[in-house]
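Chemist: Next one to model:
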Amino acid sequence: MSEKDRPWVMRTYAGHSTAAASNALYRSNLAKGQTGLSVAFDLPTQTGYDPQDALSRGEVGKVGVPVPHLGEMRKLFDEIPLTGMNTSMTINATAMWLLAMYQVVAEEQNPELDPSEVAHQLAGTTQNDIIKEYLSRGTYVFPPEHSLRLIADVISYTVHEIPKWNPINICSYHLQEAGATPEQELAYALCTAIAVLDTVKSSGQVSEQDFEKVVGRISFFVNAGVRFVEEMCKMRAFVELWDEITRERYGVEDPKMRRFRYGVQVNSLGLTEAQPENNVQRIVLEMLGVTLSKGARARAVQLPAWNEALGLPRPWDQQWSLRLQQVLAFESDLLEYDDLFDGSPVVEAKVAELVEGARAEMDRVQAMGGAIAAVDSGYMKQALVSAHAARRARIESGEEVIVGVNKFETTEPSPLTADLDAAIMAADPEAEQAAIASVEAWKAQRDETEVAEALARLAADAKTDTNLMPATLAAARAGATTGEWAGTLREVFGEFRAPTGVSGAVGVAEAGAELTAVRERVQKTGEELGGRLRLLVGKPGLDGHSNGAEQVAVRARDAGFEVIYQGIRLTPDQIVSAAVAEDVHCVGISILSGSHMELVPDVLEGLRAAGLGDVPVIVGGIIPDSDGRKLVEQGVAAVYTPKDFGLTQIMGGIVDAIRTANGLD
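Modeler: The predicted structure is shown next:
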């Protein structure tokens, strides 16, 4: 038995409503034994909009904390000494901006120290991986080449100025959420790492001597599903492939700099709304996949809460997830032993199989010109949508068992969910107005000339190859807002709409009896209405989690609908305009960010104003029962939530809604 290992960093992904409320939550979690912070930002902050922007409506403070300016960043970390903290920030398109504000707050907390001294003490991570945003999470802003430039600038700055910082968390987590197989998750994450490192190398901002340090600061953020043996083997495959890439492609000789360093959030995709108490054992098993093998153990772990498929977890639910980690680390004997799997022929064979499959997929992507080319062409997105469709089909057929969902569905009433509204937390409904008031007050006290000069410098530097971090720090110190920083760069770089992957995705290979019956009803109803049935699938607001919308679009196409799907980030007005232009028979709206009570009524009102009040509207997402009832009262034809896993049944429900709306039944 070797000396007992130190536990991994224990985090809880958290942030909601306001900076002050989130600060209270962080301090409470740290008092309970959490050893690092993991900040969730709201969607306007992630996509570079101020709270008063039209696209921010309904989204402020919903899936994280709004940080529209330096004053809110100060409140977020009030009484939390940043030079002694390890902070992970899930931020991508606006990562440079949030890191700059974090650094300035740390300087303000330590006025007696030189700013450079403060920066050298900061430890933590900015996710800063934009490629997976184009593929799965949707909080991108700028085109790929400009996004990579921002990433390279952050990496080059931190390696010199914040050497303990992980400037990027190459993030395969959301690839798995979008349907990636283990081989795809390995391949696409490693191709992203290659694209990033090649960009840093070619930028000329880091010397050959320092490039090894850049490689050594690259970290990864992975997903762990419930097939925990396969997931553990996947992590060992990651270690093997990363060691090979860093040694052979980049010539890194120091084994410490080649170490595969990763944090993990275990799988949220597999959490169920039905019998949600089963999520606790799912989370535990998934945690084992990334902790059992000492040679491939996570450096930081954050666990979701048992009730995340129902809504926003409460502080008690987050505490429960933290205690799961603490029991494993401090009560069990796991950390007392060397790697349990070294020399196992079963594990070695599985790892070799995953490595071989990942290498083949990496070769395909690299032959296309690398990760950016595979994003632009739509190849990676189509591959993920197809893999996700295959998984959904396996669940619906019963081939893949989900306990409490498609097998063992009989259940006693759960005391955990006896009062559903009390089993989750609601974001503060006043958060949006509070954030808007905060920005107005902030602007009233700042020096507008100083702000204008700082933003002009940012725009000028963006037109050259100058590192943008110094100009960004100057803008933060001058008092610019998140929307102003991003808006300035939007003017220079332009914006981007990623491929949806739907048109080329492979859907259900063979239609069973249920899908055949729905197809016949779709065809019959279309004939009765004088043409093919047209379904508009819309994602209003800033919610970029498009997996559900994509799967609905693919299955609707399989069922015989003509599908109109324009991707993410649409205003209610744009959805109404599309419904008018395409003369649709039904509008399907997907929202997972909690903004349904603001945005769905806007769509209903817009349709009525456009003379389409009789077109049925279907809504899907993480929607509490009480909200679902209110939406139906307001005129929504049907509400679907994660418990409604049968996509073909949903297609049948859409046909029912169309027939009812047109008086056909």
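
Chemist: so Ala296 makes contact with Glu240?
Modeler: No - using CB atoms under 8 Å, Ala296 is not in contact with Glu240; the gap is 9.0 Å. For glycine as for every other residue, the C-beta is placed from the backbone atoms N, C-alpha and C.

Chemist: Those two: which has the busier surroundings?
Modeler: For the pair Ala296 and Glu240, the greater number of neighbours falls to Ala296 (23 against 19), based on other CB atoms under 10 Å.

Chemist: Could you pull up the residues touching the more buried one?
Modeler: Met232, Met235, Arg236, Phe238, Val239, Phe260, Val290 (CB atoms under 8 Å, 6 or more residues apart in numbering).

Chemist: Please apply the same query to Val615.
Modeler: Val615 makes contacts with Ala579, Val584, His585, Cys586, Val587, Leu607, Ala661, as judged by CB under 8 Å, 6+ apart.

Chemist: how about it, secondary structure?
Modeler: coil (DSSP: H, G, I helix; E, B strand; the rest coil).

Chemist: so what pLDDT did it get?
Modeler: On pLDDT, Val615 comes in at 97.

Chemist: ok, now the one 3 residues further on?
Modeler: The predicted structure scores Ile618 at 97 on the pLDDT scale.

Chemist: ok, how many other residues are close to the closest residue to Asn128 other than its chain neighbours?
Modeler: Nearest in space to Asn128, with sequence neighbours left out and distances taken as CB to CB, 6 or more residues apart in numbering, is Ala95 at 4.0 Å. Neighbour count for Ala95, taken as other CB under 10 Å: 24.

Chemist: what does Val229 give?
Modeler: Val229 has 15 nearby residues by other CB under 10 Å.

Chemist: For it, report the pLDDT, please.
Modeler: pLDDT recorded at Val229 is 96.

Chemist: What is the helix or strand encompassing it packed up against?
Modeler: When elements are assigned from DSSP states H and E, Val229 belongs to helix 228-248. Using 3 or more CB pairs under 8 Å, 6 or more residues apart in numbering; DSSP states H and E, the elements in contact with helix 228-248 are helix 182-203, strand 219-224, helix 278-289, helix 345-367.

Chemist: 6 Å - rerun?
Modeler: helix 182-203, helix 278-289, helix 345-367 (3 or more CB pairs under 6 Å, 6 or more residues apart in numbering; DSSP states H and E).

Chemist: Which residue is the nearest non-sequential neighbour of the residue nearest the centre of the chain?
Modeler: By CA atoms, centre = their mean, the chain has its centre lying nearest to Arg137, at 4.4 Å. Nearest in space to Arg137, with sequence neighbours left out and distances taken as CB to CB, 6+ apart, is His174 at 4.6 Å.

Chemist: Now do the same contact list for that neighbour.
Modeler: Lys132, Ser136, Arg137 (CB atoms under 6 Å, 6 or more residues apart in numbering).

Chemist: can we see that at 10 Å?
Modeler: By CB atoms under 10 Å, 6 or more residues apart in numbering, His174 lies in contact with 127, 129, 132-133, 135-138, 180, 185, 221, 223, 265, 268-269, 384, 544-545, 547.

Chemist: same for the helix or strand Ala24 falls within, what does it pack against?
Modeler: Secondary-structure assignment from DSSP H and E places Ala24 in helix 19-31. The contact analysis (3 or more CB pairs under 10 Å, 6 or more residues apart in numbering; DSSP states H and E) places helix 19-31 against strand 13-14, strand 37-40, helix 70-76, helix 315-326, helix 431-445.

Chemist: Apply 6 Å and report the result again.
Modeler: helix 70-76.

Chemist: May I have the helix it packs on exported as PDB, CA atoms only?
Modeler: Provided in PDB are the C-alpha atoms of helix 70-76 (Å, rounded to 0.1, in the frame of the first residue of the first chain):
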ATOM      1  CA  LEU A  70     -16.600  45.000 -13.100                       C
ATOM      2  CA  GLY A  71     -18.900  46.100 -10.200                       C
ATOM      3  CA  GLU A  72     -20.800  42.800 -10.400                       C
ATOM      4  CA  MET A  73     -17.600  40.800 -10.500                       C
ATOM      5  CA  ARG A  74     -16.500  42.500  -7.300                       C
ATOM      6  CA  LYS A  75     -19.800  41.500  -5.600                       C
ATOM      7  CA  LEU A  76     -19.400  37.900  -7.000                       C
END
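
Chemist: Please enumerate residues in contact with it?
Modeler: With contact meaning CB under 6 Å, 6+ apart, helix 70-76 is reached by Ala19, Ala20, Ser22, Asn23, Val67, Met101, Val105, Trp442, Ala476.

Chemist: Repeat that for stretch 364-371.
Modeler: Outside stretch 364-371, the residues within contact range by CB under 6 Å, 6+ apart are Ile131, Cys191, Thr192, Ala195, Ala374.

Chemist: Determine how far the last residue of it lies from the first.
Modeler: End-to-end distance for stretch 364-371, by CA to CA, to the nearest Å: 10 Å.

Chemist: can you pull the buried residues of that stretch?
Modeler: Val365, Gln366, Met368, Gly370, Ala371 (16 or more other CB atoms under 10 Å).

Chemist: I'd like these written out as TSV, with pLDDT and distance to Gly398 added.
Modeler: What follows is these, written out as TSV (pLDDT from 0 to 100; distance: CB to CB, whole Å):
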residue	pLDDT	distance to Gly398
Val365	97	34
Gln366	97	38
Met368	96	37
Gly370	95	40
Ala371	94	36
